[in-house]
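S.K.: I need the structure of the sequence given here:
(one chain, ligands or ions: 1)
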Amino acid sequence: MLDGKKVLFSGMQATGSLTLGNYLGALKNWVSIADEYETFYGVVDMHSITIRQDPAELRKRARTLLTLYIAAGLDPEKNCIYYQSHVTGHAELAWILNCFTYMGELNRMTQFKDKAAKHADNINAGLFTYPVLMAADILLYQSDVVPVGIDQMQHLEITRDIAQRFNAIYGEVFTVPEAYIGKVGAKIMSLQDPAKKMSKSDENPNASIYLMDDPDTIMRKFKRAVTDSEACVRYCDEQPGIHNLIDIYCACTGKTPAETEREFDGKGYGDFKTAVGEAVVGVLKPLQDRFEDLSKNKDYLNSVIKNNAEKAQYISNKTLRKVQKKIGFPERIR
Ligand code: TRP
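M.R.: All right, here's what the predicted structure looks like:
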């Protein structure tokens, strides 16, 4: 609890360009629940270096992501939007928590196994302890809830285990966080293979709509989207391509699948794809315009970055100092 509100933490990595899937599945939801919580939304750039990054590119993407948080509707006066690397407590708490996490636990993490297989030439220790840094992110702010996708559930579980283990030894130091349950965002699949999630790391650019795609590109990608053979707009598992397009359409228009089926009754895939494309443009264009305006306003963005980093540093220090004291680090002399 902070100022009478429950604390919510979440973060995204600045690797790759954000997709429509990231927006409809996560960011849009963050905005809709923000008022109910005291929120911390990190651009988790420290996680990003577990995979080799181009420095200039990483810096640029981190700023783009932070700007997008605001363009999507998160008011930076009310939501603490910041770069993880600007707040020293993340690394400091992560080190301590490393000493309360077992090799065996980390060995079971499926994301580590996947990433290690994908980056066999760079299986670094940071990639292995990635979940511990994530636990530090969450526990530093005494977070009550964490909205995460299904792929991050295992990391949230280990965070809870670490918190409970620590509390069992030292008393109630950490709030044990819960996964955010409630209105979950839409799960958006690849436009080229509806069995796969839309991903910012997909090699085929036609598989994903990027938040910065211009209207022509968006329309073209929807025209090329993989559909099925029934030639009618019906929401069913036998038509995974159309199922996905209906999900996108509903997330952008607020309509239900049943309403959508009725709207396109007797019409073909072509008409429907055009309508989906237009609905997506209708959502992304205003977001892109706000992004452009914000990007021009460097001083404003810099002040947001500075003020929120200070706020995060101040709040996280409280937890950090308590932890340091509990484990027996010498007191600071003032
Ligand atoms: N690991 C998360 C991802 O890749 C990002 C992340 C880092 C995060 N720290 C977090 C998400 C803390 C929620 C809470 O998606």
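S.K.: where does this protein dip in pLDDT?
M.R.: 182-184 (pLDDT under 70).
S.K.: show me it divided up by domain.
M.R.: 7-180+298-327, 215-292 (automatic domain parsing).
S.K.: of these, which approaches Ser201 most closely?
M.R.: When these are compared by CB to CB, domain 7-180+298-327 sits nearest Ser201, at 5.3 Å. Every residue, glycine included, has its C-beta placed from N, CA and C.
S.K.: and that closest one, is it in reach of the ligand?
M.R.: Yes - legend: contact between domain 7-180+298-327 and the ligand by CB under 6 Å from any ligand atom is shown at 9-13, 44, 47, 134, 137-138, 146, 148, 152.
S.K.: quick one, strands of the stretch 101-250 of the chain?
M.R.: 145-146, 178-179 (DSSP state E, counting those that start in this stretch).
S.K.: okay if I get these as a markdown table plus distance to Thr101 and mean neighbour count?
M.R.: Listed next are these as a markdown table, based on distance: least, CB to CB, whole Å; neighbours: other CB atoms under 10 Å:
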| stretch | distance to Thr101 | mean neighbour count |
| --- | --- | --- |
| strand 145-146 | 18 | 22 |
| strand 178-179 | 19 | 15 |
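S.K.: quick one: Lys267 and the ligand, what's the gap?
M.R.: Computed with CB to the nearest ligand atom, to the nearest Å, the distance linking Lys267 and the ligand is 37 Å.
S.K.: what's the helix or strand for the closest residue to Thr64 other than its chain neighbours?
M.R.: Distances taken as CB to CB, 6 or more residues apart in numbering place Ala14 nearest to Thr64, at 7.3 Å, with adjacent residues excluded. Under the criterion of DSSP states H and E, Ala14 resides outside all helices and strands.
S.K.: tell me the contacts of Ala14?
M.R.: Val43, Val44, Asp45, Ser48, Leu58, Arg61, Ala62, Thr64, Leu65 (CB atoms under 8 Å, 6 or more residues apart in numbering).
S.K.: show me those residues that map onto helices.
M.R.: Taking DSSP state H, the ones among the contacts of Ala14 that sit in helices are Asp45, Ser48, Leu58, Arg61, Ala62, Thr64, Leu65.
S.K.: and what about Tyr82, helix, strand or coil?
M.R.: Recorded secondary structure, Tyr82: strand (DSSP: H, G, I helix; E, B strand; the rest coil).
S.K.: please renumber so the chain begins at 36
M.R.: Renumbered: residue one is now 36, and that last one reads Tyr117.
S.K.: okay, and the beta partners of it?
M.R.: Here Tyr117 shows beta-bridge partners Gly77, assigned using DSSP bridges.
S.K.: does it touch Asn342 like I think?
M.R.: No - the criterion here is CB atoms under 8 Å, and Tyr117 misses it with Asn342 at 9.1 Å.
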